[in-house]
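>>> the sequence and its predicted three-dimensional model are supplied below.
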Amino acid sequence: MKKRIAILGSTGSIGTQALQVIDEHPDLFEAVVLTANNQVDLLIEQARRFQPDTVVIANAEKYEQLKEALSDLPIKVYAGSEALCQVVESSVVDVVLTALVGFSGLQPTIHAIRARKQIALANKETLVVAGELVTRLARQYCVPIIPVDSEHSAIFQSLAGEGANEIDKILLTASGGPFRLMPAEQLASVTPERALQHPNWAMGAKITIDSATMMNKGFEVIEARWLFGVEPSRIEVLVHPQSVIHSAVQFVDGAVKAQLGVPDMRLPIQYALTYPDRLPLSGLRLDLFALQSLTFEEPDKAKFPCLQLAYEALERGGNVPCVLNTANEVMNLAFRQGKIGFSDIYRHICRVMSLIPFDSHPTIETYIATDAETRRVAQQFI
């Protein structure tokens, strides 16, 4: 039987590459739900190509355009954020690939878990915001969460076959982003256009800026803590500019297992959909003879303070990581729109975090309220 996939965020970088994987194995996978936030034209194109059961456009203003464009096809068309939560519960869905950006991925993921759908997690903010809650629900409903992030997929692959063998530490690699070699005093003047030029990966705009500030790596530390049950002190970030070793695990006997490969997000996407099996995948292969060297550096937390800020938010716990995530979403977008400078991202996030009340035992309602209040406060600094 074909595995039926719901792709939340099918028009984004992860979503479009997931559809490439599905297209390469049409006998094994079927895209039954496609959703987008605003890119209605691409969603229409995808719907006509893959003929899903259902499509959802989060921006309700584009519903009529979508419905009219697909009126000749037997495809259900819905709009709004609530529809995202409803479609993941559908009986036609086996796996939910959550490729939404930011806080918007949290509630659909929770609905999918409660509906006992397998989760292929590409929306790291879900675990950044509510890692304890989400992983508890996954255990309660016996739902596997398989990571799609290249780093967490590498860790997941390195742990395959290890059973209960104890982890000494996780080695989380980072490219260092486009400003790794730039003097710290020049960062304040960088433009959004320059920050969007990642040296190794083709990603969405939001995550590319997060990579430039290294907030993305901080989020990945938080994500790794909840995915793999490892304390923050045992998650070590290594700057690895070549992006060949995607991450590694060191065990208590000193052995280190790593996953290597060319930078291609289709590999972790496909592995999340096929685990524990591996299928052929077109594309480049890693040529070890062609590599000049593999290098590693300690991250410069003074130059990229967002990384340390994420560690601190994780240590404080409660709703603090939610505040961090939302404040970053607002400041990341403001920078891309030219409303604040690059160095203002960290500075304003810190100011916002100091103003939001702490809640040590947040519920889903707490996270929603915290997100709303953080957005309100953050806008005051733009």
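Yes, it's here.
>>> tell me the domain ranges of this protein?
3-147, 152-316, 317-382 (automatic domain parsing).
>>> turn those domains into JSON lines, including mean pLDDT and mean neighbour count.
Bear in mind the C-beta positions are built from the backbone N, C-alpha and C, glycine included. Listed next are the domains of the chain as JSON lines, based on pLDDT from 0 to 100; neighbours: other Cβ atoms under 10 Å:
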{"stretch": "domain 3-147", "mean pLDDT": "97", "mean neighbour count": "20"}
{"stretch": "domain 152-316", "mean pLDDT": "95", "mean neighbour count": "17"}
{"stretch": "domain 317-382", "mean pLDDT": "97", "mean neighbour count": "19"}
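>>> helix or strand for the residue in the chain sticking out farthest from the centre, which one?
The C-alpha centroid of the chain is most remote from Asp72, which lies 34.5 Å away (Cα atoms, centre = their mean). For Asp72, there is no helix or strand it lies in under DSSP states H and E.
>>> for Gln250, same thing?
Taking DSSP H and E as the criterion, Gln250 maps to strand 245-251.
>>> quick one, the helix or strand just after that strand and strand 245-251 angle?
Using DSSP H and E, the helix or strand that follows strand 245-251 towards the C-terminus is strand 256-260. Counting by axes from the mean of the first three to the mean of the last three Cα atoms, to 10 degrees, strand 256-260 lies at 160 degrees to strand 245-251.
>>> tell me the strands beside strand 256-260, with direction?
Looking at strand 256-260 with DSSP bridges, its partner strands are strand 245-251 (antiparallel).
>>> contacts for the strand it pairs with, please.
150-155, 158-159, 162, 165-173, 256-261, 294 (Cβ atoms under 8 Å, 6 or more residues apart in numbering).
>>> now intersect these with the helices, please.
Residues of those located in helices (DSSP state H): Ser150, Glu151, His152, Ser153, Ala154, Ile155, Ser158, Leu159.
>>> how about the residues you listed in JSON lines, adding distance to Val352?
Shown next, in JSON lines, are these (distance: Cβ to Cβ, whole Å):
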{"residue": "Ser150", "distance to Val352": "29"}
{"residue": "Glu151", "distance to Val352": "27"}
{"residue": "His152", "distance to Val352": "27"}
{"residue": "Ser153", "distance to Val352": "31"}
{"residue": "Ala154", "distance to Val352": "32"}
{"residue": "Ile155", "distance to Val352": "31"}
{"residue": "Ser158", "distance to Val352": "36"}
{"residue": "Leu159", "distance to Val352": "36"}
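>>> ok, Val129 - contacts?
With Cβ under 8 Å, 6+ apart, Val129 has these contacts: Phe103, Leu106, Pro321, Cys322, Asn325, Thr326, Tyr367, Asp371.
>>> let me fix that: Ile382
Val330, Met331, Ala334, Lys339, Ile340, His348.
>>> which of the residues you listed fall in helices?
Val330, Met331, Ala334, His348.
>>> in a markdown table, list those along with distance to Tyr63.
Below are the ones in helices among the contacts of Ile382 laid out as a markdown table (distance: Cβ to Cβ, whole Å):
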| residue | distance to Tyr63 |
| --- | --- |
| Val330 | 26 |
| Met331 | 30 |
| Ala334 | 28 |
| His348 | 34 |
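>>> quick one, phi/psi of the closest residue to Val148 other than its chain neighbours?
Spatial nearest neighbour of Val148, chain neighbours left out: Ala122 (3.9 Å); criterion: Cβ to Cβ, 6 or more residues apart in numbering. For Ala122, the backbone dihedrals (degrees, to the nearest 10) come out as phi -110, psi -10.
>>> Ala122 contacts Ala99, correct?
Yes. The pair Ala122 and Ala99 passes the contact test of Cβ atoms under 8 Å, sitting 4.4 Å apart.
>>> which residues are common contacts for the two?
Gly9, Ile14, Val148.
>>> which residues touch the nearest residue to the first one once chain neighbours are set aside?
It refers to Gly9. Using Cβ to Cβ, 6+ apart and skipping residues adjacent in sequence, the residue nearest Gly9 is Ala99, 3.7 Å away. Residues in contact with Ala99 (Cβ under 8 Å, 6+ apart) are Ile7, Leu8, Gly9, Ser10, Gly12, Ile14, Gly15, Ala18, Ala122, Asn123, Val148.
>>> narrow these to those in strands?
Using DSSP state E, the subset of the contacts of Ala99 located in strands is Ile7, Leu8.
>>> report the contact partners of Ala202.
Ser13.
>>> partner residues bridging Pro147?
Leu121.
>>> show the contacting residues for it.
Shown in contact with Pro147 (Cβ under 8 Å, 6+ apart): Leu121, Ser153, Ile155, Phe156, Glu223, Leu227, Pro268, Ala272.
>>> for it, give its distance to Gln107.
Per Cβ to Cβ, to the nearest Å, Pro147 is found 20 Å from Gln107.
>>> try Thr173
31 Å.
>>> and what of His198?
29 Å.
>>> check Glu82 too.
9 Å.
>>> related to what we said a few turns ago, give the contact list for the residue nearest to Val148.
Gly9, Ile14, Leu97, Thr98, Ala99, Val148, Asp149, Ile269.
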